[in-house]
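Asker: 3D, please:
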Amino acid sequence: MVKKTSPWTKYIVLLAAALLLLLAVSLRNQRYKPKVSDVFDIKADDINAISITKDTLSITLMKGDTAWVFAEPDTGLVKNDRIESFFENVVNAKKSGFVTKNPEKYDQYNVSEKLALKVELKKGEYVLGTVLLGRSKTSWAQDYIRYPDDPKVYISQKKMLGSVSEQASFWCR
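Answerer: Below you'll find the model as predicted:
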C-alpha cells in the first residue's frame, strides 16, 4: 500500500526553506549594523557640576538648592530650559560607530584639543566623564565625539553642540 502525500507538502517545504534562508541573511546583516551606545555611562542625578571649555573660554555651572547657577564666571542664574536641553541632548546622547582612530585626523573632525568643545561632568570635584565634541562639516544632524583616553572618533546619533556652549550668554536668563 502506497501512502498518498498531500499536494501541499512541496509548498510547505519550499516555504520552510525560504524562511530559513531569510533568517540566515538577516542574522548575517546584523553584523554590519553600527552598535549604538550611551555617550556617558552616568546617572544624571549624580551630576552637580558641569565645566565647558573651548580655547581660553571656560564656564562652570553648579547645581544649587533649587536651580543651576554659574560658578565661573559668576553671572547669575542659568535658564532651566538650557539645562533640560543639555541633559536630554548631551548627557543622555547616543553614539554609533567610529570614523577614525588616527590622531592625525582629529583636526579634520574638529576633535583636537584646540578645536573641540570640552565637556566635563562632575560630582563635586570628582570628574564623572569627559568628552571632546566636534562639529561635523558634512552633516547638520550629527557631531563627532572623542574621549581623552580613547583614540577613536565616534559619531553622535543626533546634534549635541546645539545644546551646549562655552559662552556664558548662551546659558543666562
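
Asker: Every contact and neighbour count from this point should use C-alpha atoms.
Answerer: OK.

Asker: Could you pull up the residues touching residue 146?
Answerer: 111, 131, 132, 133, 152, 153, 154 (C-alpha atoms under 8 Å, 6 or more residues apart in numbering).

Asker: nope, residue 94 is what I meant
Answerer: 36, 37, 38, 39, 156, 157, 158.

Asker: repeat that with 10 Å
Answerer: When contacts are counted by C-alpha atoms under 10 Å, 6 or more residues apart in numbering, residue 94 touches 36, 37, 38, 39, 40, 155, 156, 157, 158, 160.

Asker: Report pLDDT for it.
Answerer: If you check residue 94, the pLDDT there is 93.

Asker: Backbone dihedrals for it, please?
Answerer: Main-chain dihedrals, residue 94, degrees, to the nearest 10: phi -120, psi 150.

Asker: After the longest strand anywhere in the chain, which helix or strand is next?
Answerer: In terms of residue count, the longest strand belonging to the chain (DSSP state E) is strand 126-135. Per DSSP states H and E, the first helix or strand lying C-terminal to strand 126-135 is strand 143-146.

Asker: partners of that next one, with directions?
Answerer: Strand 143-146 has the following strand partners under DSSP bridges: strand 126-135 (antiparallel), strand 153-156 (antiparallel).

Asker: Redo the ones you listed as JSON lines? Include distance to residue 99.
Answerer: Formatted as JSON lines, the strands paired with strand 143-146 follow (distance: least, C-alpha to C-alpha, whole Å):
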{"stretch": "strand 126-135", "distance to residue 99": "13"}
{"stretch": "strand 153-156", "distance to residue 99": "6"}
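
Asker: Going through the contacts of residue 94, which ones are buried?
Answerer: Among the contacts of residue 94, the ones that count as buried by 16 or more other C-alpha atoms under 10 Å are 39, 40, 155, 156, 157, 158, 160.

Asker: Out of those, flag the one nearest to residue 27.
Answerer: Taking C-alpha to C-alpha as the measure, residue 157 is the one of those closest to residue 27, at 23.4 Å.

Asker: contacting residues for the closest one?
Answerer: Going by C-alpha under 10 Å, 6+ apart, residue 157 touches 36-39, 89, 93-97, 141-144.

Asker: elements contacting the lengthiest helix in the chain?
Answerer: In the chain, taking DSSP state H as the definition, the longest helix is helix 9-30. Packing contacts for helix 9-30, counted by 3 or more C-alpha pairs under 10 Å, 6 or more residues apart in numbering; DSSP states H and E, involve no helix or strand.

Asker: mind saving the C-alpha coords of that helix as PDB?
Answerer: What follows is helix 9-30, C-alpha atoms only, in PDB (Å, rounded to 0.1, in the frame of the first residue of the first chain):
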ATOM      1  CA  THR A   9       3.800  19.200   1.100                       C
ATOM      2  CA  LYS A  10       6.100  20.600  -1.500                       C
ATOM      3  CA  TYR A  11       4.800  24.100  -0.900                       C
ATOM      4  CA  ILE A  12       5.400  23.800   2.900                       C
ATOM      5  CA  VAL A  13       8.900  22.500   2.300                       C
ATOM      6  CA  LEU A  14       9.600  25.500   0.000                       C
ATOM      7  CA  LEU A  15       8.200  27.900   2.500                       C
ATOM      8  CA  ALA A  16      10.300  26.500   5.300                       C
ATOM      9  CA  ALA A  17      13.400  26.700   3.100                       C
ATOM     10  CA  ALA A  18      12.700  30.300   2.200                       C
ATOM     11  CA  LEU A  19      12.100  31.200   5.900                       C
ATOM     12  CA  LEU A  20      15.400  29.600   6.900                       C
ATOM     13  CA  LEU A  21      17.200  31.500   4.100                       C
ATOM     14  CA  LEU A  22      15.600  34.800   5.200                       C
ATOM     15  CA  LEU A  23      16.700  34.100   8.800                       C
ATOM     16  CA  ALA A  24      20.300  33.400   7.800                       C
ATOM     17  CA  VAL A  25      20.500  36.500   5.700                       C
ATOM     18  CA  SER A  26      19.000  38.700   8.400                       C
ATOM     19  CA  LEU A  27      21.500  37.300  11.000                       C
ATOM     20  CA  ARG A  28      24.400  37.900   8.700                       C
ATOM     21  CA  ASN A  29      23.400  41.500   8.100                       C
ATOM     22  CA  GLN A  30      23.200  42.200  11.900                       C
END
